[in-house]
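Participant: Dropping the sequence and predicted coords here.
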Amino acid sequence: MLFPCPFCGPRDETEFHYVGEPKPRPEPAGTVGEADWADYLYVNANPRGPAREIWLHLACMDMFVMTRDTATNAVLGAETPGRAS
Amino acid sequence: MTARYSALTILRQGLTGHKGWPQAWRKARPKPAYDFVIVGGGGHGLATAYYLARTHGRRSVAVIEKGWIGGGNTGRNTTAVRSNYFYPESVALYDLALRLYEGLSRELNFNVMLSQRGILNVAHTPGQMEIAARLANAMQLNGVDAELWGPDEIRKRLPLISQSLDSRYLPNGGVFHPRGGTARHDAVAWGYARAADGLGVDIVENCEVTGFVMQNGACVGVETTLGEIRAGAVGVAVAGHSSRLMAKAGVRLPIHSYTLQAMVSEPTKPCLDTVVLHLGTGTYVSQSDKGEILIGGGLDRVPSYGQRGNPPMQEIILSGLTEMFPAFGQLKLMRQWGGVVDVVPDSSPLIGPAPVPGLYLNCGWGTGGFKAIPAGGVLLAHLLANGSHHEISRPFDLDRFRTGRLIDEAAGSGIAH
Ligand SMILES: Cc1cc2nc3c(=O)[nH]c(=O)nc-3n(C[C@H](O)[C@H](O)[C@H](O)COP(=O)(O)OP(=O)(O)OC[C@H]3O[C@@H](n4cnc5c(N)ncnc54)[C@H](O)[C@@H]3O)c2cc1C
Ligand SMILES: [Zn+2]
């Protein structure tokens, strides 16, 4: 399979590393209870079908969000995450 | 009552053309209500039903399976059974399973073809040898059989292993676990199903659970493609489909579903009499009773519910095979397949009450739950019958992610399966 790196273009899937599901980090850290923190660290939606996932392209180290269908493995799109302002 | 299998019945059936064998289990239609409903007719679900009936005397039990029993990972795995784990919590769990496997054919009156031909983890580098020694020590301290082998013992047991000095991964030694081996996967599912059915359990195939019946915040039954079924308590053992199903009860889990693939070669003469895990390449291999070389390896790199496996991992697994046993490069591949496995961050299972009253979980076995089937059944049955943990399942509760008391076997025993 070819995955679309926003920086390098289409590349072989073996060059990519799965990082995780995009989720907002609970803030501020001092007020986050252990259950919410455990949720953030470990719990996943793990959907069957279209899924938004963070991937790393190991060749250029670009991190991006790819949408894939986890039932068919088809790639549905890729986006560069917004830069924090 | 289920007819007993014996040498005499085989003889009698043989004389009458094998026309009189009774059905091994009934094709049950679901009743409106049971004391216990188990979702998932894999090994863990079927064993749970069996022990509920056998150990706890609870006969009002149904197993609900969306396809056919054993059609999930139980019928797709590479059948390695062993208890070579690192942490005492894991050893208590997997050694319970192995001890039960050792008596299972007799207990179920069904030959599960347990073959304790041993499991050998082959190490190559000095670093791997140190980890191997650490694992062997941990196993011995936990009361499990383990031997630390050097290169000569490896070459003696595996004459076909790559030994030329220019090979990339020369065998340096390893850990041998004599009680490990293989069992027949279908027979484990069928044996538990037949024995449970004999005790009055209803096994309902071709019936998918589509949701849960909730009352005052508690689960009181399941919705299925054959209608609603009420239950005093519901046990869920659906492996890679756990996240999807539990989402219907509003429960989210620390699981990623991945495809794990395996393949077999054409049958060949007996040439490999143990199970070998090659630490250098991550490929593991055994020879089936039919003579096929059975080959497995790591997870696909892509989270997936696609039950087939991607070519890059297939290539990695096969290049590992020909690296460790160059002679197997001549064999033709016959079949390749995949299963959807439920991977948890610390590579240990999830056993315990779900955050919803009335619902209990047995999942997260990932790449290695076939060997655990008897224990998974005993423990989920205990939870359902008593509403509380058995001491062996307590450490595997979902709460370990909140308390931080993880049981990280990927780091501990260094093996993914
Ligand atoms: C290729 C491969 C190799 C493996 N090798 C080994 C090995 O060598 N040793 C080892 O110990 N383990 C191995 N494993 C892992 C092992 O197969 C699993 O951990 C184990 O079989 C899990 O058993 P189970 O009963 O939990 O799940 P399964 O056998 O998958 O059963 C779950 C059942 O639930 C059903 N189901 C799902 N959703 C629903 C629903 N909504 N309603 C009704 N039914 C539903 C499914 O159809 C399925 O039959 C391997 C797995 C794979 C895929
Ligand atoms: Zn790139």
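Facilitator: Yep, it's here. Ligands and ions are numbered 1, 2, ... in the order given.
Participant: Can you classify B:I316 by secondary structure?
Facilitator: helix (DSSP: H, G, I helix; E, B strand; the rest coil).
Participant: in what helix or strand does residue 53 lie?
Facilitator: No chain was given, so I picked chain A. Per DSSP states H and E, A:E53 falls inside strand A:50-57.
Participant: that's the other chain; I wanted chain B
Facilitator: helix B:43-54.
Participant: Show me what the helix or strand that that helix is followed by is in contact with.
Facilitator: Where DSSP H and E defines the elements, the next helix or strand beyond helix B:43-54 is strand B:61-64. For strand B:61-64, the external contacting residues (Cβ atoms under 8 Å, 6 or more residues apart in numbering or on different chains) are B:28, B:30-31, B:34-41, B:45-46, B:49, B:52-53, B:69, B:193, B:196, B:200-204, B:207, B:209, B:222, B:224, B:229, B:231. For the C-beta atoms, the positions are set from N, CA and C on the backbone; glycine is no exception.
Participant: packing partners for the strand holding A:E53?
Facilitator: strand A:2-5, strand A:16-20, strand A:62-69 (3 or more Cβ pairs under 8 Å, 6 or more residues apart in numbering or on different chains; DSSP states H and E).
Participant: Now do the same contact list for the residue of chain A found nearest ligand 1.
Facilitator: For chain A and ligand 1, the shortest gap (Cβ to the nearest ligand atom) falls at A:R48, measuring 10.6 Å. Residues near A:R48 by Cβ under 8 Å, 6+ apart: A:70-71, B:241, B:244, B:257, B:305.
Participant: again with B:A33
Facilitator: So B:A33 contacts B:221, B:229-231 (Cβ under 8 Å, 6+ apart).
Participant: need the contact list for the residue of chain B found nearest ligand 2.
Facilitator: Nearest residue of chain B to ligand 2: B:R301, at 16.0 Å (Cβ to the ion). B:R301 makes contacts with A:13-14, A:16-18, B:310, B:312-313, as judged by Cβ under 8 Å, 6+ apart.
Participant: Buried ones from those, can you make that a PyMOL selection?
Facilitator: Typed into PyMOL, the line below selects the buried ones among these, using 16 or more other Cβ atoms under 10 Å in any protein chain shown:
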select buried, (chain A and resi 13+14+16+18) or (chain B and resi 310+313)
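Participant: ok, residue 32 - how many residues close by?
Facilitator: You didn't pick a chain, so chain A it is. 14 (other Cβ atoms under 10 Å in any protein chain shown).
Participant: try chain B instead
Facilitator: Around B:P32 there are 9 residues (other Cβ under 10 Å).
Participant: Smallest distance to ligand 1 belongs to which residue of the stretch 51-200 of chain B?
Facilitator: Closest point on the stretch 51-200 of chain B to ligand 1, by Cβ to the nearest ligand atom, is B:G72, at 2.5 Å.
Participant: tally of neighbours for that residue?
Facilitator: 28.
Participant: Chain neighbours aside, what residue packs nearest to it?
Facilitator: Distance criterion Cβ to Cβ, 6 or more residues apart in numbering or on different chains; nearest residue to B:G72, sequence neighbours excluded, is B:G42 at 4.7 Å.
Participant: In contact with that neighbour, which residues?
Facilitator: For B:G42, the contact set (Cβ under 8 Å, 6+ apart) comprises B:69-70, B:72-74, B:189, B:237-239.
Participant: What distance do you get for the residue nearest to the spatial centre of chain A to chain B?
Facilitator: What sits nearest the mean C-alpha location of chain A, by Cα atoms, centre = their mean, is A:I54, with 1.2 Å. According to Cβ to the nearest Cβ, to the nearest Å, A:I54 and chain B sit 11 Å apart.
Participant: Any idea what that residue is bridged to?
Facilitator: Counting by DSSP bridges, A:I54 forms beta bridges with A:G20, A:V65.
Participant: Make sure it is actually in contact with A:F16.
Facilitator: No: using Cβ atoms under 8 Å, A:I54 makes no contact with A:F16, being 10.7 Å away.
Participant: Skipping adjacent residues, who's closest to B:S167 in space?
Facilitator: Using Cβ to Cβ, 6+ apart, the closest residue to B:S167 is B:E323 (7.2 Å).
Participant: Neighbours of that neighbour, how many?
Facilitator: Using other Cβ under 10 Å, B:E323 has 17 other residues around it.
Participant: My guess is it contacts B:G282. True?
Facilitator: No: the criterion here is Cβ under 8 Å, and B:E323 misses it with B:G282 at 10.7 Å.
Participant: mind listing the helices for the stretch 301-417 of chain B?
Facilitator: With helices called from DSSP state H, counting those that start in this stretch, the stretch 301-417 of chain B shows them at B:311-324, B:373-386, B:400-403, B:409-412.
Participant: would a markdown table of the ones you listed with distance to ligand 1 be doable?
Facilitator: Listed next are the helices of the stretch 301-417 of chain B as a markdown table, based on distance: least, Cβ to the nearest ligand atom, whole Å:
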| stretch | distance to ligand 1 |
| --- | --- |
| helix B:311-324 | 10 |
| helix B:373-386 | 7 |
| helix B:400-403 | 19 |
| helix B:409-412 | 12 |
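Participant: picking that back up, from the contacts of B:A33, which ones fall inside strands?
Facilitator: Members of the contacts of B:A33 lying in strands (criterion: DSSP state E): B:221, B:229-231.
Participant: Tell me the buried residues within those residues.
Facilitator: Counted by 16+ other Cβ under 10 Å, the ones in strands among the contacts of B:A33 give B:221, B:229-231 as buried.
Participant: Of those, just say which sits nearest to B:W21.
Facilitator: B:I229 (30.5 Å; Cβ to Cβ).
Participant: list the contacts for the closest one?
Facilitator: Neighbouring residues of B:I229 by Cβ under 8 Å, 6+ apart: B:30-34, B:37, B:62, B:64, B:221-222.
Participant: and it, what are its bridge partners?
Facilitator: B:V222.
Participant: what residues go with each domain of chain B?
Facilitator: B:24-83+B:85-110+B:184-254+B:346-413, B:119-181+B:257-343 (automatic domain parsing).
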